[in-house]
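Chemist: A predicted structure for the sequence below; I have some questions about it.
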Amino acid sequence: MRRPLVAGNWKMHGSRAENTRLIEELLRGDEGVGPEVVVCPPFVYLWEVSRQIRDSSIVLGAQDVCAEAQGAYTGEVSAAMLRDVGCRYVIVGHSERRHLYQEDDQAVARKFVAVQREGLVPILCVGETLAERERGATEDVVGRQLEAVLALAGVAAFSQAVVAYEPVWAIGTGKNASAEQAQAVHAFVRSRIAAKDAILAASLRVLYGGSVKAANAAEIFAQADVDGGLIGGASLKGEEFRRICQAVAG
Ligand code: PGA
């Protein structure tokens, strides 16, 4: 009943030529079956990629957004602009935003609300650092990150949202969480939402992200509370990304 979703977070990679090649590779395997497939290019490429995937089942997402609706915010991009160029999803609270750009839980919650105000779907990233995991604080951290959004947006907002569990120590490190580690945190995320609305929690999609590749995707995606993935490095290789998408279906 939860349609799996696989999103490619291209981060700050690509060029018009490289993106075109990558999209062509993805379109070759596009049968419109299996998981919902999302690509999240850098802002400047959104419109062109939007045109390139127009007649396909691939959906567009953005990597970040400004919490403000419009105005004197030099360098920022609003949710309305993202909708205007064809986005359906927006990643908020990616750990690189939280850690490299000091976005705190409240800032992330405001972005979540801004995205939904435009009818778009936030992909809310949560996850602990290695130090936090080692001192047994994983659930405290993930719970706190969820709570900030629940406090501002309310539980009902999660009916139009996706959560991505991305342990910081697994992102771009080649060291993925084990299937058991992922499942444990995914179950925790779902239970936190279920405590407020059990029916909604049962339909909430919770993605895993952090060093997913074709070789480990099937095992992670097979877990009961894992509904797909948020893929960084491996989403830049067409064939590899397609195999990851197939690992969900299979
Ligand atoms: P990775 O990144 O797949 O390269 O580890 C995941 C992410 O940051 O979303």
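Modeler: Okay, I see it.
Chemist: where does the residue positioned nearest the centre of the chain land on pLDDT?
Modeler: By CA atoms, centre = their mean, the chain has its centre lying nearest to residue 123, at 4.4 Å. Note for residue 123: predicted pLDDT of 99.
Chemist: Doesn't it lie inside a strand?
Modeler: Yes - if the criterion is DSSP: H, G, I helix; E, B strand; the rest coil, then residue 123 is within a strand.
Chemist: That one contacts residue 230, correct?
Modeler: Yes - contact criterion CB atoms under 8 Å: residue 123 and residue 230 qualify, at 6.7 Å. For the C-beta atoms, the positions are set from N, CA and C on the backbone; glycine is no exception.
Chemist: Mind listing the shared neighbours of these two?
Modeler: 7, 91, 164, 207 (CB atoms under 8 Å, 6 or more residues apart in numbering).
Chemist: and the second one, how many neighbours?
Modeler: The tally of other residues near residue 91 (other CB atoms under 10 Å) stands at 27.
Chemist: show me what contacts it?
Modeler: So residue 91 contacts 7, 9, 40, 61, 62, 63, 64, 122, 123, 125, 164, 230 (CB under 8 Å, 6+ apart).
Chemist: For the fourth one, grab phi and psi.
Modeler: What it means is residue 61. phi -140, psi 160 (degrees, to the nearest 10).
Chemist: close enough to count as contact, it and residue 90?
Modeler: Yes - contact criterion CB under 8 Å: residue 61 and residue 90 qualify, at 6.3 Å.
Chemist: shared neighbours of the two, which are they?
Modeler: In contact with both residue 61 and residue 90: residue 123, using CB under 8 Å, 6+ apart.
Chemist: Can you name the residue of the protein nearest the ligand?
Modeler: residue 232 (2.2 Å; CB to the nearest ligand atom).
Chemist: what's near enough to touch the residue lying closest to that residue once chain neighbours are set aside?
Modeler: Spatially, and ignoring its direct neighbours in sequence, residue 232 is nearest to residue 9 (5.1 Å; CB to CB, 6 or more residues apart in numbering). Contact analysis of residue 9 by CB under 8 Å, 6+ apart lists 40, 63, 91, 94, 209, 230, 231, 232, 235.
Chemist: Apply 10 Å and report the result again.
Modeler: 38-41, 61, 63, 91, 94, 96, 123, 125, 164, 166, 171, 209, 230-233, 235-236 (CB atoms under 10 Å, 6 or more residues apart in numbering).
Chemist: Residue 137 versus the residue nearest to residue 171 when sequence neighbours are not counted, what's the distance?
Modeler: Distances taken as CB to CB, 6+ apart place residue 210 nearest to residue 171, at 5.0 Å, with adjacent residues excluded. Noted for residue 210: a distance of 17 Å to residue 137, by CB to CB, to the nearest Å.
Chemist: starting at the chain centroid, how far to stretch 180-198?
Modeler: 17 Å (CA atoms, centre = their mean, to the nearest Å).
Chemist: now that stretch: mean pLDDT?
Modeler: 98.
Chemist: tell me the secondary structure for the residue in the chain sticking out farthest from the centre?
Modeler: Centroid-distance maximum for the chain: residue 72 at 28.0 Å, with CA atoms, centre = their mean. Secondary structure, three-state DSSP: residue 72 is coil.
Chemist: Repeat that for residue 65.
Modeler: Per three-state DSSP, residue 65 ends up coil.
Chemist: does it really touch residue 121, like I thought?
Modeler: No - the pair residue 65 / residue 121 is not scored as a contact, 11.8 Å apart, by CB atoms under 10 Å.
Chemist: between these two, which one's more packed in?
Modeler: residue 65 (26 against 19).
Chemist: got any ranges where this structure has weak pLDDT?
Modeler: 32, 249-250 (pLDDT under 70).
Chemist: And the strand or helix carrying residue 219, what's buried?
Modeler: Taking DSSP states H and E as the definition, residue 219 sits inside helix 214-221. By neighbour count with 16 or more other CB atoms under 10 Å, helix 214-221 contains the buried residues 214, 216, 217, 218, 220, 221.
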